[in-house]
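Q: have a look at this prediction, sequence included:
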Amino acid sequence: AAGVIQSPRHLIKEKRETATLKCYPIPRHDTVYWYQQGPGQDPQFLISFYEKMQSDKGSIPDRFSAQQFSDYHSELNMSSLELGDSALYFCASSLGSQWGGTGELFFGEGSRLTVL
Amino acid sequence: AQKVTQAQTEISVVEKEDVTLDCVYETRDTTYYLFWYKQPPSGELVFLIRRNSFDEQNEISGRYSWNFQKSTSSFNFTITASQVVDSAVYFCALRLNSGAGSYQLTFGKGTKLSVIP
């Protein structure tokens, strides 16, 4: 079965640079989520999109932005990178109960960003 | 506000021992879901189990078992006859319903389990 696909899997950037992470949700899933997991930390919710509209916002810095496109893939854009942005970034997708889903989040394998 | 507490930061056991990972949650909602995820050193989040708030039956899956008790707001996870491959960080999580189509998870801080050969 198709899973959530994230790219790139690893990314190295310098301070003040910009990075873009991509996420391709499971086909037919209507919601995409972004989580950030710092070293030794638990995953923190950043933002979610339902049917291409932002549905929820967590602890996402103003330097970060995200969107979901017409093909349902999502991109997380991070600008003016700081050392503290080094983390594992997870994308997840779900299908709402109104469409027969369980709302369960299926996670991608994560994109590891290292800021030097 | 919702909160998940995993009081055990790190646990070490010798292979073949049983180990229980504790999870205590807080929520005002009467309908919610609880999850356990495993994160091996490779980094991916592996789904282990989902339990809804109306189902307090314990569940067993192979060497894994879960004890859900609403009276104490706990959802503990036991690994029987632990193996080295069980070494990982285990996260307990609570699912929120916070808007149309959004089922974001609140994670605990995780418990790092080391199984020593």
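A: Yes, it's here. Everything quoted here is computed from the prediction, not taken from an experiment.
Q: is A:F106 in a bridge, and if so with what?
A: Partner residues in beta bridges with A:F106, using DSSP bridges, are A:S93.
Q: tell me how many other residues crowd it.
A: 19 (other CB atoms under 10 Å in any protein chain shown). Backbone N, C-alpha and C define where each C-beta goes, glycine included.
Q: same check on A:Y33?
A: Neighbours of A:Y33 (other CB under 10 Å): 30.
Q: just A:Q67 next, same as before
A: Residues near A:Q67, counting by other CB under 10 Å, number 15.
Q: so it bridges to which residues?
A: Note on A:Q67: beta-bridge partners by DSSP bridges are A:E75.
Q: first-to-last residue distance for stretch B:21-33?
A: With CA to CA, to the nearest Å applied, stretch B:21-33 spans 18 Å between its terminal residues.
Q: show me what counts as buried in that stretch.
A: B:21-25, B:27, B:32-33 (16 or more other CB atoms under 10 Å in any protein chain shown).
Q: what about the strands in the chain?
A: In the absence of a named chain, this looks at chain A. Secondary structure of chain A (DSSP state E): strands located at A:5-7, A:10-13, A:19-24, A:31-37, A:44-50, A:53-57, A:64-68, A:74-78, A:87-94, A:106-107, A:111-115.
Q: looking at chain B here, not the other one
A: Counting by DSSP E, the segments of chain B that form strands are B:3-5, B:10-14, B:19-21, B:24-26, B:33-39, B:46-52, B:59-61, B:64-69, B:74-79, B:88-95, B:105-107, B:111-116.
Q: can you tell me the strand partners of the second one and which way each runs?
A: Same thing as strand B:10-14. According to DSSP bridges, the neighbouring strands of strand B:10-14, each with its direction, are strand B:111-116 (parallel).
Q: now do the partner strand, average pLDDT.
A: Strand B:111-116 carries an average pLDDT of 97.
Q: before we move on, what about stretch A:73-80?
A: Averaged over stretch A:73-80, pLDDT sits at 97.
Q: how far out from the middle of the chain is stretch B:77-94?
A: Stretch B:77-94 sits 8 Å away from the centroid of its parent chain (CA atoms, centre = their mean, to the nearest Å).
Q: could the buried residues of stretch B:21-33 be laid out in a markdown table, adding distance to B:F54 and pLDDT?
A: What follows is these, written out as a markdown table (distance: CB to CB, whole Å; pLDDT from 0 to 100):
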| residue | distance to B:F54 | pLDDT |
| --- | --- | --- |
| B:L21 | 23 | 98 |
| B:D22 | 22 | 97 |
| B:C23 | 18 | 98 |
| B:V24 | 19 | 98 |
| B:Y25 | 15 | 97 |
| B:T27 | 14 | 91 |
| B:Y32 | 10 | 88 |
| B:Y33 | 10 | 88 |
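Q: just these that are near chain A?
A: When CB under 8 Å from any CB of the partner chain is applied, the members of the buried residues of stretch B:21-33 adjacent to chain A are B:Y33.
Q: from the buried residues of stretch B:21-33, pick the one nearest chain A.
A: Within these, proximity to chain A (CB to the nearest CB) peaks at B:Y33, which comes in at 7.7 Å.
Q: and the nearest residue to that closest one once chain neighbours are set aside, what pLDDT?
A: With CB to CB, 6 or more residues apart in numbering or on different chains as the criterion, B:Y33 has its nearest non-adjacent residue at 4.1 Å, and that residue is B:R95. Here, the pLDDT recorded for B:R95 equals 87.
Q: contact partners for B:R95?
A: Listed by CB atoms under 8 Å, 6 or more residues apart in numbering or on different chains, the contact partners of B:R95 are A:103, A:105, B:32-35, B:103-106.
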